[in-house]
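Student: Let's see this in three dimensions:
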Amino acid sequence: RRRSPLRFRSKIKMTRQIAVGLGLTGIILFSTKAIFAKLAYQYGADAISLLLLRMVFSLPFYLFFALYRNQEKITASKNDYLWVLLFGFLGYYLASYFDFKGLEYIKASLERLILFTYPTFVILLSFIFFKIKISSYQLFAILITYLGICIVFLPEIEISDPSTILKGSLLVLLSAVTYASYIFGSGWLIPKFGARRFTSYVMIVSSVLIIFQFMVESKMSTNVLIFPKEVYIYGLLIALFSTVIPSFLISYAIKELGANQFSIFGSIGPISTVLLAYLFLEERLSSLQIIGSLVVMMGVFAAKYFKRNPKT
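Tutor: The predicted structure is shown next:
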């Protein structure tokens, strides 16, 4: 029995609509991480302890999916597993640590905007290592992006301690660079492991490194059970709703839509963070900073667009 072409197209359309919905949900959930972290800091938590709680709570889920049998075949070599260790170190250990540490010093809305610049670093890394030419349009878009960051950033220095804002912004910028390194280098590994298995592997590596760092920094003298109950609640929320669930939602969306098309929706992240920070943290952005935020998002979007359309 032949399937109706109209019904087949409707099924594809429905699948894509579901993928878009799940992808947007994943992006919004990812953006709640900064909100939960800032709320946890109000109860005396520090970056490494909060990261520890995040990874300890999320580790069982990633262990399950790493060991769970699925139909995705592994075609990776032994050297590919070494690359997994490297990208686990870069993408979900260093990037997460720099990000959480930076949030101790700057607002959640500013953190998300700085972190949102990571696609521009992917373009720069492609130029440095693969000699992929940066078009004049891309270069202009990158400059526009950093101009927008300056517009948002400068008013913060005027109303806050400049050294604190600079330190926090630099840490988040390092997070964007290390995460861009992960995105830049891991694309060719995902087909070898499968998206779900690869994500689980790098998160397990990150978890082990964070636990090790906590043990070294505390010298086994810090009791992670001394915080108020609110810290553990926020740690659990970060693990489930800002890490595990969105990581798999986004993996599914990228699988169905493709990385290029999915990246179009990335600009919803800073917008949702700004709105959530306004609602739950009472963070305010001036009119000038709102304009700067729009400039940043337009610059990143343009850089992605011209990457896909080099002849434009």
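Student: Number of residues surrounding residue 277?
Tutor: 23 (other Cβ atoms under 10 Å). In this view, the C-beta of every residue, glycine as well, is placed from N, C-alpha and C.
Student: correction: residue 103
Tutor: Neighbours around residue 103, by other Cβ under 10 Å: 26.
Student: That one and residue 201: what is the separation?
Tutor: 26 Å (Cβ to Cβ, to the nearest Å).
Student: Then residue 17?
Tutor: 30 Å.
Student: which of these two has more neighbours?
Tutor: residue 201 (22 against 10).
Student: what's near enough to touch the spatially closest residue to residue 75 that is not a sequence neighbour?
Tutor: Residue nearest to residue 75 in three dimensions, not counting chain neighbours: residue 192, with 4.9 Å by Cβ to Cβ, 6 or more residues apart in numbering. By Cβ atoms under 8 Å, 6 or more residues apart in numbering, the contact set of residue 192 is 74-76, 80, 198.
Student: Now residue 171: which helix or strand?
Tutor: helix 162-186 (DSSP states H and E).
Student: how many neighbours does residue 149 have?
Tutor: Around residue 149 there are 21 residues (other Cβ under 10 Å).
Student: Just the element for it, please.
Tutor: Going by DSSP H and E, residue 149 is part of helix 136-159.
Student: For that helix, list the C-alpha coordinates in PDB.
Tutor: The C-alpha trace of helix 136-159 is given here as PDB (Å, rounded to 0.1, in the frame of the first residue of the first chain):
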ATOM      1  CA  SER A 136      34.000  40.900   4.800                       C
ATOM      2  CA  TYR A 137      30.400  40.500   5.800                       C
ATOM      3  CA  GLN A 138      31.300  38.100   8.600                       C
ATOM      4  CA  LEU A 139      34.000  40.400   9.900                       C
ATOM      5  CA  PHE A 140      31.600  43.300   9.900                       C
ATOM      6  CA  ALA A 141      29.000  41.100  11.800                       C
ATOM      7  CA  ILE A 142      31.700  40.100  14.400                       C
ATOM      8  CA  LEU A 143      32.700  43.700  14.900                       C
ATOM      9  CA  ILE A 144      29.000  44.700  15.300                       C
ATOM     10  CA  THR A 145      28.600  41.900  17.900                       C
ATOM     11  CA  TYR A 146      31.500  43.200  20.100                       C
ATOM     12  CA  LEU A 147      30.300  46.800  19.700                       C
ATOM     13  CA  GLY A 148      27.000  45.700  21.200                       C
ATOM     14  CA  ILE A 149      28.800  44.000  24.100                       C
ATOM     15  CA  CYS A 150      30.600  47.300  24.800                       C
ATOM     16  CA  ILE A 151      27.300  49.200  24.700                       C
ATOM     17  CA  VAL A 152      25.800  46.800  27.300                       C
ATOM     18  CA  PHE A 153      29.100  46.600  29.300                       C
ATOM     19  CA  LEU A 154      30.100  50.200  29.800                       C
ATOM     20  CA  PRO A 155      27.100  51.400  31.800                       C
ATOM     21  CA  GLU A 156      27.700  48.500  34.200                       C
ATOM     22  CA  ILE A 157      31.200  49.900  35.000                       C
ATOM     23  CA  GLU A 158      29.700  53.300  35.800                       C
ATOM     24  CA  ILE A 159      27.300  51.900  38.400                       C
END
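Student: For that helix, give me every contacting residue.
Tutor: 106-107, 110, 113-114, 117, 120, 123-124, 134, 165-166, 169, 285-286, 288-289, 291-300, 302-303, 305-307, 312.
Student: how about 7 Å then?
Tutor: For helix 136-159, the external contacting residues (Cβ atoms under 7 Å, 6 or more residues apart in numbering) are 110, 113-114, 117, 120, 123, 165, 169, 286, 288-289, 291-293, 295-296, 298-300, 302-303, 306-307, 312.
Student: Make a ChimeraX selection of whichever of the residues you listed turn out to be buried.
Tutor: Written as a ChimeraX command, the selection of buried residues from those, which uses 16 or more other Cβ atoms under 10 Å, is:
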select :110,113,114,117,120,123,165,169,289,292,293,295,296,299,300,302,303,306,307
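Student: Sitting in helices, which of the contacts of helix 136-159 do you find?
Tutor: Here DSSP state H is the test, and these give 110, 113-114, 120, 123, 165, 169, 288-289, 291-293, 295-296, 298-300, 302-303, 306-307 as lying in helices.
Student: Using PDB, write down the CA coordinates of stretch 179-188.
Tutor: This file holds the C-alpha atoms of stretch 179-188, laid out as PDB (Å, rounded to 0.1, in the frame of the first residue of the first chain):
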ATOM      1  CA  TYR A 179      32.800  26.400  24.700                       C
ATOM      2  CA  ALA A 180      33.500  27.600  21.100                       C
ATOM      3  CA  SER A 181      36.600  25.300  21.100                       C
ATOM      4  CA  TYR A 182      34.300  22.400  22.100                       C
ATOM      5  CA  ILE A 183      31.800  23.200  19.300                       C
ATOM      6  CA  PHE A 184      34.600  23.700  16.800                       C
ATOM      7  CA  GLY A 185      36.300  20.400  17.500                       C
ATOM      8  CA  SER A 186      33.500  18.000  18.500                       C
ATOM      9  CA  GLY A 187      31.400  18.200  15.300                       C
ATOM     10  CA  TRP A 188      33.300  15.400  13.600                       C
END
